[in-house]
Every structure is written in structure tokens, then in C-alpha cells.
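**Student:** sequence-free structure coming up:
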């Protein structure tokens, strides 16, 4: 009789009752395979277990953020959630597997939450809202399109990435935006510019940008360990009638004397290890003219909190003053472990700026150490 | 005869010749009060002299930026240039005086460049362009207007700022944006929130935001040394039917045991000294629940590069991982030495997070030390 009565209640209403009231009677009646409301402590303990299962250095709060991003934008591709939660794709993928195993997530044209997942979020205070996302960062402006179109033509025959050197190409919109960002922050006009490692070809983007808008550059120098890139940069510069100097060298062994104390600005997208960052930034500092206000434009992927602290500690220990940190400024072509994005970190030199080159350079590239 | 001929040349053409060609003959003919083209070294030496004259800790590159901002947006108010070059208003004002004395700037409905100023910029490669500014940061979204309107009503009878405590009110649009930013980064829903010093009344903005969008908050606690603010927060919360806890205390003497290890998120806009920042952030860390991923939302004005390095060194030395730094996120009411704006710095805790409270707390507020 009671079961008959229950059949008459629309399922949505029942689900509502279950989620809001957690009535044991109702739960008993509809069976244990139905979603039940969790206690907050239960939810926290589940997230903590998942965090341990995937060895998540970002902590269980990142799992909460992960589930919340799914709630806001479901169905959502793994890459998007990885990007918005600053997780690498392999870590996000392991996390999704674990959450699926616990029936919190499933897939329907992207990741979606199950009833159990919704219930977990509800128990810790997270509900679906109609709040739009905030627009952040630097939206790509229309007027940069001609620069991107020119770059697409110029770079069509660029050399492919050498993964052993942590190369992966920033897309042409990104390098055009880097040039515009340099201009915005007085990093171009009459400035002596150094590109420290340039498989992204930001040097060519900067030259193209300057040509398009009639800007005068100082000297432009590109350093790389990869001859192919330098050849391509040189040939392209000849073809468009611009001056550039290139030097093939491994930053491990230092930079030539004539390049020291010579630049106003350096631009780099170093290997994704703390050692790699410290080495590249250190060499950049050696190359800058002495004095306050030299500029560093540094592209760098998000790290787990512990590594992130090491990175900023390295930057500040060399006396660079952070001016801006823009998440997801850079997008890269193809599938990347960093979900195809990285931060732009803008710094200036202070009175106490001085290079600190790491002693142990054996783990410079991610390929030289065990991947997480 | 030649002079007669010269009279026939339009002045603009002559000016063009002078600026482009630097013809000694032409210069001799038109007299020494006419602008002449500078050599780059002369320009650099002038900027270096000005930098020394105003004791500019930001270095002469900041003077270049200052002049370049005038070129891009002239006629421009002092406050705007101060803001876009991250200089305090007193420093920007001293700089303007010095640049006026050297006839590089003048005033015509705002700061403008003289011919001499244009010539100086030209000599170091900076010319007028038609490049639009990049849109940056977090533009205020329309949908937040109802929250701002509500706050304007709620806060109309707020207590005035106590300048001895470095108080100065963020405007209501800013505190509404802070709430939206907290939401964007999962800092609100079901979270236990601590506001460390709250003359900005960000706590009330967060509660208003949560009420408007039906968000569930955890516990909300406000600490301040100023009884007037706490009373105002309490009364306002009673009037809108929300729960809040307040504690009147001076952070110098520590926080009560029951508040330690208790929060998911802390929000602070500390006094503008390195000591003030370290103390407030240190107490915030003590108040956070242990573990990775605790959140710190820190509003802080731009400093000169040396102080800026100290600030980020302090943050990283406590094991906080920087996630984002947004220049000019916060706007304040009234004339401020920081040109009415400050940065938003978002951090999370890492495995190694631990408070480091400065030993000497005698220079906590800017009023307790000599102003620059």
C-alpha cells in the first residue's frame, strides 16, 4: 500500500526529499541503490581517501574543486577540468578514474556527476547555481588577428618539437599575445631583447608585431640549444628583412661574456622542472643590464603547491620582484601534460637581483626524471 | 633671405625635420629654444638624473614607463599614470615636478609631453602608436550590480576610516568583486571563512553575495582591533538575519586557541608594511585547518622592487604557493597614496606551510614609520 503510494510520487520530488531530508524511512523504502545524503564528515573522508589513492599533492580540496567544476560546466571534457583546476592531465585522468570507481562521476558526452556525486557536493555546501564565470586574464583582442595570420604563414614550416628538451609549441595566438603583453608593459620599444630558448618562436612574433605597428626594436638575440630552431629563426628573419642574432648553446655551461649585462628584457619558457626554471632565470639575470627595472617575462606551467613554493622561492631568492601572475595565459599545440596551458609571470629586477645557478643540473628536463 | 625662406616652411614640417634629422644647420637657424633631437645616451642620462633627484627606488626604467604612459594617454591625470606605473601618488607627484623642471612635461588639462619630452622618448625608440591597450584583470560584470546596490544601502552608515591603522575603504564594487572572486575559486560554499581585519567590510559583501545567489556558508568570523567595525558588522548581520562571529583583538598578541586550525579560507588587506603583511599572513596561516589547499586571499598595494621582493619572500618562506597576482584588482575610496588601487594575491597552503611571525612589530603601520 505504502509502496503503491510512493509510486505515485514523482521521482524528482522523491529525489529532492532524499537529498534535502535524508529521511531514513524513505531511504529504506526506495532501497540502498538509491542515492543517499552524506554527512559532511563522510564526504570529507571519501575525498581524503581519493586524494591518497591518487597521491594527490594538491590535497583533497583540489578534489572538491574538481567536482565543483564538473557541476558548474557539465558535461565537461577532462582537459577543461584539468586546466581550470591547475592539474596535469595524467593526474586529472587518474583522479577521474578513482572518482568513477566510487560512482561519483560518470561520462555522458563529457564528465558528469552521478546522483552520489551531487549528494557528496551538497553535503559540503556546494550546489548548482546560476552564477556566471568571471572573465579573467587577457582576452585575445580582434586587432591582433593580422599578426596571428602573418605568423601562421611564416611559421607553417617550423621544425617539430623535440620532447627530450621539454619543447612544445605555444600556439600563434599565444605568441602574438606575448608580443602585445610585452608592448603593454614597455618591453619592446628600443629595448634590447633576449629570448632564452625559443622553440615557441616568440622572437618572430615580437618582430612581426613590431613591424606591423612600426615599433623600433633594440637588438634582438635568440639563444637555444637546438640548431634547427635557430636556423629557422634566421631564415625567417632574412625573408622578412629583419635583424636578429642567434647563439647555439647549452645554458648549463653559461652564456658568453659579450651577452652578459647587455639586455633590458628577457623572455623565457623554461623546462618544467624547478632546476630548469632556476637555471634559465639565472642566466637571464646574468644577461640583463645591471640596475633596477630590468624585465623578465616567464611562462611557466602550474605546479603542485610544494613545487610552486619552490619556484617562487627561487625567483624571489634571485631578487626578482613579481609584478603579475596570469593563469592560463599561454596555450600550447597538441595534447600536453599541463592541459595545454601555462601561466605568465612578469617580474622586474630589484637592487638585490643576482643570479643563483643550481649546482645539480642533472634533472633539468622532465624527461630526465620519473614522471608523476 | 634664408630666414625669410624658413618663415615660409610650415612649423610642423620644420618640427618634423628637427625631430627626424637633427640637422645642425636647421637647429642653428631656428635657435636653441627649439626642441632638438637627443642622443639615446643623453636621454638615459637625463632619466638617471631625474631618478636620483627623486630617490626613485623603482629605477630610471620606471621614468621611461611614466613618460610612455603620458604619450599613450595624454592629457592624463597624475593618478592614472601613478596607477599604471605602480607608483605611489607622492612619488609620482615628485617625479612630475622634476620632469616639469626639466621641461619634459607640462600641464594642459592633465599631464602632456613637451616637444623636448617627445624628443627624449623618440631618441630611445618610443613613438606614438595606435596600438589599443590590452584589457586585463577582472572586468566588473553587470550581473554583480544588484550586490553592489544592496551593499551601498547596507554600508551607508559605516564608520569612517582610522588612518592610524592604515584603514581605507575598498569601494563597494571592489568588495562585491572580491566575493565573486572567492566564489570563482571555490572559497565560499560550505567554507569556514576568516576575515583578518575588515574595515573594507568584505565579510558583509561575501554574506550579501551568498544570500543573493543562495550559497551556503560555513562559519564566518571577523577579527579586528577596531570595535566600531565589529559593532557595525554585527548590527548589519542582525538586520539581514545572518550569522557571524566577531573578535576584537590585536594580531600582535596572537589569536585565541579556539580560532587556530579552524578555517578553510582567510581574507585580508593588511597594513602596507612588510611587517604588517607578514604578521597578518602569519596569523591567517595559524587560523587555517592543517593540510594542503587552504586558501589565502590577500590584497596588497604595489611596492618598489626591493620591498616587493621582501613581500613575496615572506609569503613563500611561510610555504604559501602563489596562484595568481592581479594588479589593480582593488579600488579604494578617496585620495590614497597608492593611487587608490592594490593587487589581489591568491595563494594556497602547501605541505610545508607554517607561520613565521616577525619579531620586531614596532613598524606595523605606515604611520609608525617615516613616509617616503
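**Tutor:** Arrived safely, thanks for sending. As the structure is a computational prediction, the values presented were derived from the model and not from experiment. Numbers count the residues shown, from 1 in each chain, chains lettered A, B, ... in the order given.
**Student:** quick one, helices of the stretch 201-350 of chain A?
**Tutor:** For the stretch 201-350 of chain A, applying DSSP state H, counting those that start in this stretch gives helices covering A:202-212, A:227-240, A:274-287, A:305-317.
**Student:** compute the first-to-last residue distance for stretch A:285-297.
**Tutor:** Across its full length, stretch A:285-297 reaches 12 Å between end residues, using Cα to Cα, to the nearest Å.
**Student:** list the buried residues in it.
**Tutor:** Taking 16 or more other Cβ atoms under 10 Å in any protein chain shown as the neighbour-count basis, stretch A:285-297 is seen to contain the buried residues A:285-288, A:291-297. Heads up, the C-betas are built off the backbone N, CA and C, glycines and all.
**Student:** pLDDT and distance to chain B added to the residues you listed, as CSV?
**Tutor:** Rendered in CSV, the data for the buried residues of stretch A:285-297 read as follows (pLDDT from 0 to 100; distance: Cβ to the nearest Cβ, whole Å):
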residue, pLDDT, distance to chain B
A:285, 98, 13
A:286, 98, 18
A:287, 98, 16
A:288, 98, 11
A:291, 91, 6
A:292, 93, 3
A:293, 93, 3
A:294, 96, 7
A:295, 97, 8
A:296, 98, 11
A:297, 98, 14
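**Student:** out of these, which comes closest to residue B:253?
**Tutor:** Compare each of those with residue B:253 using Cβ to Cβ and the shortest gap goes to residue A:292, at 37.4 Å.
**Student:** let me see the contact set for the nearest residue to the closest one once chain neighbours are set aside.
**Tutor:** Residue nearest to residue A:292 in three dimensions, not counting chain neighbours: residue B:59, with 3.1 Å by Cβ to Cβ, 6 or more residues apart in numbering or on different chains. By Cβ atoms under 8 Å, 6 or more residues apart in numbering or on different chains, the contact list for residue B:59 reads A:291-293, B:51, B:305.
**Student:** hmm, 10 Å instead?
**Tutor:** Residues counted as contacts of residue B:59 (Cβ atoms under 10 Å, 6 or more residues apart in numbering or on different chains) are A:291-294, A:348-351, B:47-48, B:51, B:65, B:304-305.
**Student:** gap between the nearest residue to residue A:357 once chain neighbours are set aside and residue A:268?
**Tutor:** Sequence neighbours aside, residue A:282 is the residue nearest to residue A:357 in space, at 4.5 Å (criterion: Cβ to Cβ, 6+ apart). As judged by Cβ to Cβ, to the nearest Å, residue A:282 and residue A:268 stand 11 Å apart.
**Student:** what do those two both touch?
**Tutor:** Overlap between the contact sets of residue A:282 and residue A:268, as judged by Cβ under 10 Å, 6+ apart, is given by residue A:251.
**Student:** ok, the two, which is more surrounded?
**Tutor:** Residue environment comparison for residue A:282 versus residue A:268 gives the larger neighbour count to residue A:268, 24 against 20, counting by other Cβ atoms under 10 Å in any protein chain shown.
**Student:** for that one, give me its contacts.
**Tutor:** Residue A:268 makes contact with A:194-198, A:200, A:202, A:223, A:251, A:276-277, A:280-281, A:283-284, A:296-300, according to Cβ under 10 Å, 6+ apart.
**Student:** can you do 8 Å?
**Tutor:** By Cβ under 8 Å, 6+ apart, the contact list for residue A:268 reads A:195-197, A:280-281, A:284, A:296-299.
**Student:** low-scoring stretches of the stretch 201-350 of chain A, by residue?
**Tutor:** Across the stretch 201-350 of chain A, the stretches falling below the confidence threshold (pLDDT under 70) are A:334-339.
**Student:** do that again at 90, thanks
**Tutor:** Counting by pLDDT under 90, the stretch 201-350 of chain A shows low-confidence ranges at A:271-273, A:301-303, A:332-341.
**Student:** what parts of it come near chain B?
**Tutor:** Counting by Cβ under 8 Å from any Cβ of the partner chain, the residues of the stretch 201-350 of chain A lying close to chain B are A:213-218, A:264, A:291-295, A:302-306, A:308-309, A:312-313, A:315-317, A:319-327, A:348-350.
**Student:** which of those residues are buried? Put it as a PyMOL command.
**Tutor:** Buried members of those, defined by 16+ other Cβ under 10 Å, are picked up in PyMOL with:
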select buried, chain A and resi 213+215+217+218+264+291+292+293+294+295+302+303+304+305+306+308+309+312+313+315+316+317+319+320+321+322+323+324+325+326+327+348+349+350
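**Student:** quick one: which of the residues of the stretch 201-350 of chain A next to chain B sit in strands?
**Tutor:** Taking DSSP state E, the ones among those that sit in strands are A:295, A:320-327, A:348-349.
**Student:** I'd assumed residue A:79 was in contact with residue A:96.
**Tutor:** No: applying Cβ atoms under 8 Å as the test, residue A:96 and residue A:79 come out as separate, 11.3 Å apart.
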